[in-house]
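In: Provided below for reference: sequence and predicted model.
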Amino acid sequence: MVTIQLGDTQSISKSTCIAAFVAADGPASGDVIFQSVQTAFSAFTDTALWRVKSGTSVTSIIEIESNRLPVIGIGMGSLSSVSIQNLRDWAATAAKSVQTDAAVSWIVPVLPHLNPQSVANAMAEGIVLGSYQFDRFKAEAQRHQVHHYLISSEALSATAIDQAVHGAEATNMARDLANMPPNILTPWYVVELVQQTFSGNPNVVIDVIDVQRATELGMGAFLGVAQGASVPPAILVLRYQPFQNDKPIVLIGKGVTFDSGGISIKPGRGMSDMKGDMSGAAAVLAAFTAAVRLNLGKAITAVIPMTENMPDGAAQRPGDIVTAMNGKTIEIINTDAEGRLILADALVYAAQYENPKVMVDIATLTGACSVALGDLAAGVLGNNQSTIDQLLAAGHRTGEQLWQLPLFDGYLAYLKSDYADIANASEAGKAGTSTGAKFLQQFVGEVPWVHLDIASVMKGNGKGIQPKGMSGAGARLLLDWLSVDA
């Protein structure tokens, strides 16, 4: 368990450890450390530890009023080159080194080119994100109680710190969901989890579309993917409506709880990661939950189509033709292009039944996004540039970078079918992320819509704020956008 709150120099006396940023060109701690603390700290910073390499940390011992305290010194390099994302990553790296019950006093650096509140918020996010572990299935799981105090010479808002912590906790919630083993996290496991989470909340309405209702609605694209799975599918609809007459912002998350590829089966290597093919759903559910807890006061609807994609005697085949909810027929070229099929019916449903102000879908949709962007950014495409610009700005604020890719009309020709209105994939292998988004666009009608392809950032690399395993990408991004611009 991790807690974060604002502290003062008296917090140091309650601490078992101090964490401080050290720069190559001088102190960055302002006047927050003084008297006996200043003397001890100066002795620490006067050593070679002051020149610790940027982004790494070292530990030493200082004496304060007869108490010997370990100090984690985190290298910053040159003060003028430090970014908010650096601070997140460095705080996360230092937090990962705290492996016991502890109380840590963090000295918030004073950086002339950065807003003090933004610095403290980034540190809070980094601490929470860096402390994340997914160990619930280990017999010897570590359960530490770590209390963190942020100490600054500048006036800081506790409310802003709490909001930063909520955002990071949303990411950790998304990580938990995406890391869950697929034999446990099935569509109806998520339904039950959500029902427990919002039980008794009068502002949240939960609706579940089962197979019978999906059939009645004509969701042939969604049901085609689900027909090879032994676990039943579900579409979860959550409505947060603090003001009854507002048109909702609709978030749609791809929830393939395990993706084998179906008949177009994936290679065995790395297939275990396909439990994370519901990372879009995880991000939507986490952002929605945080928005409700923060009482954002905006109407938000989450539509989360969930199923497995499995090979079976009843499974969808290449060559099949299915009919989506809007009447479009789809030729199945590749059963591993399943995410766009379940999203197609979810988009039609949201456009027709939820009266959206705007729709944003988020999905681990295409491996091509990784080819285009590596693991440094997710792709963003859509029919509404103002919303795209808002999300790009949210990506900059949160460090969850987005890069806009084209949605040219010519990409529709790549999805031409000789037998149906559209094919679910192109066999040409060109512009995979853009053609995937172009497919989705055929199911949004005239509603303002943006698509986020997070396949490129689904997994963390274990560095900085990134964990090993699923990254929780998109949760902080969506929550920030909902809070600031939506």
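Out: In hand now; what should we look at?
In: only C-alpha atoms for contact and neighbour calcs from this point on.
Out: Noted.
In: How many residues are close by Ala473?
Out: Using other Cα atoms under 10 Å, Ala473 is surrounded by 29 other residues.
In: Quick check, it in contact with Ala455.
Out: No: taking contacts as Cα atoms under 8 Å, Ala473 lies outside contact range of Ala455: 9.4 Å.
In: Please enumerate the strands of the stretch 151-300 of the chain.
Out: Along the stretch 151-300 of the chain, counting by DSSP state E, counting those that start in this stretch, strands occupy 204-209, 234-240, 249-253, 255-259, 300-309.
In: Leu217 and Val292, how far apart?
Out: In this view, Leu217 and Val292 are 29 Å apart by Cα to Cα, to the nearest Å.
In: of the strands of the stretch 151-300 of the chain, which approaches Leu376 most closely?
Out: Judged by Cα to Cα, the one of the strands of the stretch 151-300 of the chain that comes nearest to Leu376 is strand 249-253, at 20.9 Å.
In: who does that closest one touch, helix- and strand-wise?
Out: Judged by 3 or more Cα pairs under 8 Å, 6 or more residues apart in numbering; DSSP states H and E, strand 249-253 is in contact with helix 279-293, strand 300-309, helix 339-353, strand 358-363.
In: More neighbours: which of Leu217 and Val292?
Out: Val292 (20 against 15).
In: Export the strands of the stretch 151-300 of the chain as JSON lines, with columns for mean neighbour count.
Out: Converted to JSON lines, the strands of the stretch 151-300 of the chain look like this (neighbours: other Cα atoms under 10 Å):
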{"stretch": "strand 204-209", "mean neighbour count": "16"}
{"stretch": "strand 234-240", "mean neighbour count": "24"}
{"stretch": "strand 249-253", "mean neighbour count": "27"}
{"stretch": "strand 255-259", "mean neighbour count": "30"}
{"stretch": "strand 300-309", "mean neighbour count": "28"}
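In: Mind putting those into JSON lines with distance to Lys430?
Out: What follows is these, written out as JSON lines (distance: least, Cα to Cα, whole Å):
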{"stretch": "strand 204-209", "distance to Lys430": "35"}
{"stretch": "strand 234-240", "distance to Lys430": "31"}
{"stretch": "strand 249-253", "distance to Lys430": "25"}
{"stretch": "strand 255-259", "distance to Lys430": "22"}
{"stretch": "strand 300-309", "distance to Lys430": "24"}
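In: Indicate which one of those is closest to Gly228.
Out: It's strand 300-309; of the strands of the stretch 151-300 of the chain, that one is closest to Gly228 (Cα to Cα) at 6.7 Å.
In: by how many degrees do the closest one and strand 358-363 diverge?
Out: Interaxial angle, strand 300-309 versus strand 358-363 (axes from the mean of the first three to the mean of the last three Cα atoms, to 10 degrees): 30 degrees.
In: and the spatially closest residue to Gly261 that is not a sequence neighbour, how many residues sit next to it?
Out: In this structure, Gly261 finds its nearest non-sequential neighbour in Asp336, 4.2 Å apart by Cα to Cα, 6 or more residues apart in numbering. Residues lying near Asp336 (other Cα under 10 Å) number 23.
In: doesn't Val256 make contact with Asp336?
Out: No: between Asp336 and Val256 there is no contact under Cα under 8 Å: 11.1 Å.
In: so where is this protein shaky, pLDDT-wise?
Out: 24-67 (pLDDT under 70).
In: Can I get the helices and strands packed on strand 249-253 in TSV including distance to Ala95?
Out: Supplementary listing: the helices and strands packed on strand 249-253 in TSV, determined by distance: least, Cα to Cα, whole Å:
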stretch	distance to Ala95
helix 279-293	23
strand 300-309	33
helix 339-353	36
strand 358-363	30
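In: Leu114: which of these is closest?
Out: Short answer: helix 279-293, nearest of the helices and strands packed on strand 249-253 by Cα to Cα, at 26.7 Å.
In: and the closest one with strand 234-240, angle?
Out: Going by the same axes, to 10 degrees, helix 279-293 makes 30 degrees with strand 234-240.
In: And helix 279-293, what does it pack against?
Out: helix 158-179, strand 249-253, strand 255-259, strand 300-309, strand 358-363, helix 475-484.
In: Just put these in a markdown table and tack on distance to Gly462.
Out: Formatted as a markdown table, those follow (distance: least, Cα to Cα, whole Å):
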| stretch | distance to Gly462 |
| --- | --- |
| helix 158-179 | 13 |
| strand 249-253 | 25 |
| strand 255-259 | 23 |
| strand 300-309 | 28 |
| strand 358-363 | 22 |
| helix 475-484 | 18 |
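In: Gly429 is nearest to which of the ones you listed?
Out: Here strand 358-363 is closest among these (Cα to Cα), at 19.4 Å.
In: Could you list the residues in contact with whichever helix or strand comes after that closest one?
Out: Next along the chain after strand 358-363, taking DSSP states H and E as the criterion, comes helix 368-373. Residues outside helix 368-373 that contact it (Cα atoms under 8 Å, 6 or more residues apart in numbering) are 378-379, 431-433, 453-457.
In: among those, which two are most distant?
Out: The distance between the two most remote of the contacts of helix 368-373 (Cα to Cα) is 18.2 Å, for Ala431 and Val457.
In: Compare neighbour counts for the two and give me the winner.
Out: Val457 (26 against 17).
In: which one is the more buried one nearest to, not counting chain neighbours?
Out: Asp375 (5.1 Å).
In: re the thing from before, minimum distance to Ser97: which of the helices and strands packed on strand 249-253 has it?
Out: helix 279-293 (26.5 Å).
In: gap between the closest one and the chain center?
Out: Here helix 279-293 is found 9 Å from its chain centre; the criterion is Cα atoms, centre = their mean, to the nearest Å.
In: what ranges do the helices span in the stretch 51-200 of the chain?
Out: Secondary structure of the stretch 51-200 of the chain (DSSP state H, counting those that start in this stretch): helices located at 84-96, 116-130, 158-179, 187-197.
In: Compute the inter-axis angle for the longest one and helix 187-197.
Out: Regarding helix 158-179 and helix 187-197, their directions subtend 150 degrees when assessed with the same axes, to 10 degrees.
In: What is helix 158-179 packed up against?
Out: So helix 158-179, by 3+ Cα pairs under 8 Å, 6+ apart, packs with strand 2-6, helix 116-130, helix 279-293, strand 468-470, helix 475-484.
In: which parts of it are buried?
Out: 161-179 (16 or more other Cα atoms under 10 Å).
In: so what's Ala94 up against?
Out: 19, 57, 72, 74, 127, 130.
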